[in-house]
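# Sequence first, then the predicted structure:
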Amino acid sequence: MKTKEKPVGRVAVKLSDRRVFESIVDGLARAIKEKPEDVVWFFQVKELMRSMDEPMDDSEAWDAILEDNKAVEMSTGALIETARERLKKFRRIERKLKKLGVI
């Protein structure tokens, strides 16, 4: 007869890890006077940029392009303006985190 295992310990650890993560993000956000979701966004973009730095052959690149084939309902000018705004935001957060000594 098997006994049922309760995942209560694992859930508590995950919840505690989440609270620690939220606490770290909130602390960083307060220190640089940015929103917590912007701090998380910064690290997500930074990780994406890091993964894009890894070389890939042409077939892998085309597979990635075709897999991510999404239509965008914006004009080229609007896309460029959005990219400029997000780049400014990224650089601003990066500058503040460097000054704080985090990165």
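Perfect, thanks for sending it.
# SS state for residue 78?
At residue 78 the chain is in helix, as set by DSSP: H, G, I helix; E, B strand; the rest coil.
# Could you pull out the helices in the protein for me?
For the chain, helices defined by DSSP state H occupy the ranges 8-32, 36-52, 58-67, 76-100.
# Reformat those as a markdown table; add mean pLDDT and mean neighbour count.
Heads up, the C-betas are built off the backbone N, CA and C, glycines and all. Converted to a markdown table, the helices of the chain look like this (pLDDT from 0 to 100; neighbours: other C-beta atoms under 10 Å):
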| stretch | mean pLDDT | mean neighbour count |
| --- | --- | --- |
| helix 8-32 | 84 | 12 |
| helix 36-52 | 93 | 13 |
| helix 58-67 | 80 | 10 |
| helix 76-100 | 96 | 12 |
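# OK, contacts around residue 19?
For residue 19, no contacting residues are found, by C-beta atoms under 8 Å, 6 or more residues apart in numbering.
# any idea how far residue 57 is from it?
Using C-beta to C-beta, to the nearest Å, residue 19 is found at 43 Å from residue 57.
# How about residue 36?
38 Å.
# again with residue 98
34 Å.
# Quick check on residue 72: phi, psi?
phi -120, psi 130 (degrees, to the nearest 10).
# so it sits right up against residue 79, yeah?
Yes: Residue 72 is within contact range of residue 79, at 6.7 Å (criterion: C-beta atoms under 8 Å).
# Could I get the contacting residues of residue 28?
Applying C-beta under 8 Å, 6+ apart, the residues near residue 28 are 36, 39, 97, 100, 102.
# now do residue 56
Listed by C-beta under 8 Å, 6+ apart, the contact partners of residue 56 are residue 64.
# Retrieve the pLDDT associated with it.
Predicted confidence (pLDDT) for residue 56: 76.
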